[in-house]
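> I need the structure of the sequence given here:
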Amino acid sequence: MRKGFLKIIFSVIILSGFMLSETAAFDYHDTGLISFYQEVNTRDKNDSVQENNLRIDKLKNTETEIVKLFEQNKIDSLLRMKLKEELNQYEENTQKKNELEARLKSIETADSIKKAEQLLKIKALKETAAGYPVNLFSDTLFVIYTKLVSFSTQERAAYISKKIYEIYAADYFYPDSLKIQTGDNVKDIYYMNVVIMTITETDALWYDRSTEEISEFCLVKIRDSIIKSRNENSFSNKLKRIGFALLTLTGLIIFIKLIYVLFRKLSSYVFSKEDKYLSGVTLKNVRILNREQSTKVIQIVIRIFRLIFVILALYFSLPVLFSIFPRTKGYTDLLLSWVLNPASMIFNALINYLPNLFTIIVIFVFTKYILKAVKYFAEEIAADRMSIGTFHKEWAIPTFQIFKFVMYALMFVIIFPYLPGSDSPAFQGVSVFLGILVSFGSSSSIANIMAGLVITYMRPFKIGDVIKISDVTGAVIEKTLLVTRIRTIKNEEVSVPNSAVLSGHTINYSTNAEGSGLILHTSVTIGYDVPWKKMHEALIEAASRTEFIMKEPKPFVLQTSLDDYYVAYQINAYTREPGKQALIYSELHCHIQDVCGEKGIEIMSPQYNSLRDGNHSTIPENYLPDDYKIPPFNIKEEKNKND
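Purely as a prediction, here's the structure:
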């Protein structure tokens, strides 16, 4: 399949080369126009109607101006001739002769000034005038700017081109038969008694040359172009060009095969070192590509580069092939310009951009080292190795992050004018669009960021603190400008937006835990039949048995309410382990049950009437005495005195 693809490409190249070399000979498509010692811009014969009409209007205006100048020169010339005739008549009359000579001199001076003005006017016309080229194949011989009698400028150029081609297409060409003939104020270039073109005083005035110089130049250009074209299109030269084309194609085939061989060897070498080069891609301990994925990526990269080299070889071989055939030489520069002009433009843009690039690099490096210095001090303060007055160490890293953001924003504002295309409307429009997009899409994010900044400097909690936000309780594991992350006792990680933290209330269990301790409390309701002192002792003993409860300060009991059927007792105990509250509460409740059982206290909140006689005690059996018996019902009978 690969070989078939290459054969098709080469066949197309060969066929296109031969077809272009044998195409119709007369072509007005030109690559460069030479106008009497001066190169002018390319003119396309397929101009749009609007452009063609504009060109015709310009030529008409130019021709009108030239005719006016030519007529003025003729009048001035006749006046000078008349004065010279009168001067010859008054050879003996010295006074009259001096008057005529002074008048002739003043006319010549005025003519010199007028001629200088005419030259300036013609020069201004040349800057806007548009002419038509006289071509032989793709070679432009000269450009016609003025009309001749009833021939327009375009018709005149087409007629001259046609006559030149007829001479070229004849069986024989005799250069000596191409001659110049002088007429009334004109010069005719003719071949075998056939006039090819006529040079008038108008042409001479336009080019500021004499008719002799212009006619000689045109004759040389016509003769040399015909000789050159006939030599290039001779049978022997065609055979040579075909040979060169085949040689070029052979070299191209060999070069492409060499590309395939080199890339095949490169691929074999890379895969032979698979353990060394294809072990995967890891970035900061994050695996991006495994071995199989790395292998596929390398294969794709090798194929892409091989295809690029083949396409470049094919592309740059086309100008070589086109340069071999005369009628396709114009495409050589065109194909090369498609690559070289953009490459040259990019290279020149890079060279011109170097001063701005160095400015950006200097600004970036300066900003980077300022941030490094500030980061060093921030880390020292955060590590408690340095202190600045009342500046808390928790503020160090967030303050550095804010300073870093401000510095990068300031740096971007400074380097923005130095960015390529920063002054273009498209770049500015995209910048405004992105700014609007960010403004509308990040309102909640900005609210969270501002809340994060306020929380940072309010210091309601720090990393590791046990806090409660709304119904979420756990240890703080991360604080960012957007969210606060909490890990609960169930090992759940909860992200709370900073705006919610700021707008709600936060309970910090760790603030005083290391100092005086955190007070844990739980309540139990007991009936009025239990003495309150006994209950106090039971609760305090239960608290003292619980792990992580501080011995000092001692636990204490509060009676929080006296309800209709029971008393509410609240045990309060100190701890320095706020992160183990669930375990402490669980163990405390167990010990309360044990102590109450040991002391014969029933944990119940009676809200009903019951007959205790004949009912088993609610105290657990392991706390009852061994000789415990269920009390019987006692019935007392009272007799009436009258009975």
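> from the chain's centroid, how far away is stretch 585-601?
The chain centroid and the centroid of stretch 585-601 are separated by 71 Å under C-alpha atoms, centre = their mean, to the nearest Å.
> now do the SS call for residue 574.
Here residue 574 is recorded as strand under DSSP: H, G, I helix; E, B strand; the rest coil.
> need phi/psi at the residue lying closest to it once chain neighbours are set aside.
Nearest residue to residue 574, sequence neighbours excluded (C-beta to C-beta, 6 or more residues apart in numbering): residue 517, at 3.6 Å. No exception for glycine: its C-beta is placed from N, CA and C like everyone else's. Phi and psi for residue 517, reported as degrees, to the nearest 10, are phi 100, psi 160.
> list the residues that contact residue 517.
Applying C-beta atoms under 8 Å, 6 or more residues apart in numbering, we find residue 517 in contact with 550, 553, 574-576.
> switch these over to CSV; also include neighbour count and distance to residue 319.
Output for these, formatted as CSV (neighbours: other C-beta atoms under 10 Å; distance: C-beta to C-beta, whole Å):
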residue, neighbour count, distance to residue 319
550, 18, 92
553, 12, 96
574, 20, 92
575, 19, 88
576, 16, 85
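> which non-adjacent residue is nearest residue 228?
Distances taken as C-beta to C-beta, 6+ apart place residue 139 nearest to residue 228, at 7.7 Å, with adjacent residues excluded.
> what pLDDT does the residue nearest to residue 574 get?
What the model reports as pLDDT for residue 517 is 89.
> how close does it sit to residue 555?
Per C-beta to C-beta, to the nearest Å, residue 517 is found 11 Å from residue 555.
> and what of residue 630?
Shown here: residue 630 relative to residue 555, a distance of 36 Å by C-beta to C-beta.
> just want the most central residue of the chain.
For the chain, residue 427 is the residue whose C-alpha lies nearest the centre (C-alpha atoms, centre = their mean; 10.1 Å).
> contact partners for that one?
By C-beta under 8 Å, 6+ apart, the contact set of residue 427 is 419, 421.
> that older thread, which one's more surrounded, residue 630 and residue 555?
Just comparing residue 630 and residue 555: by other C-beta atoms under 10 Å the higher neighbour count belongs to residue 555, 22 against 9.
> rewinding a little: could you check the pLDDT of the residue nearest to the centre of the chain?
Residue 427 is assigned a predicted lDDT (pLDDT) of 70.
> that one - that's part of a helix, no?
Yes. Applying three-state DSSP, one finds residue 427 inside a helix.
> show me the contact partners of stretch 495-512.
444, 447-449, 451-452, 454-455, 460-461, 464-470, 472, 481-486, 518, 578-579, 581.
> please redo it, this time with the cut-off set to 6 Å
Residues external to stretch 495-512 that are found in contact with it (C-beta atoms under 6 Å, 6 or more residues apart in numbering): 447-448, 451-452, 454-455, 460-461, 465-470, 483-485, 518, 578.
> same question, stretch 217-235
Counting by C-beta under 6 Å, 6+ apart, 136, 139, 141, 164, 167-168, 173, 175, 178, 180, 189, 326 sit against stretch 217-235.
> repeat the analysis, applying 8 Å as the threshold.
34, 36, 136-137, 139, 141-142, 164, 167-168, 173, 175, 178-180, 189, 196-197, 199, 237, 326.
> that older thread, tell me the confidence at the residue nearest to residue 228?
With respect to pLDDT, residue 139 scores 78.
> begin at 47 from now on, thanks
Sure, I'll start counting at 47 from here, so that last one is residue 185.
> can you count the residues close to it?
Taking other C-beta under 10 Å as the neighbour definition, residue 185 ends up with a count of 21.
> any idea what it is bridged to?
residue 182 (DSSP bridges).
> low pLDDT regions in the stretch 397-546 of the chain?
483-489 (pLDDT under 70).
> mind listing the helices for it?
Assigned helices in the stretch 397-546 of the chain, in chain order: 442-461, 471-487, 489-504, 544-549 (criterion: DSSP state H, counting those that start in this stretch).
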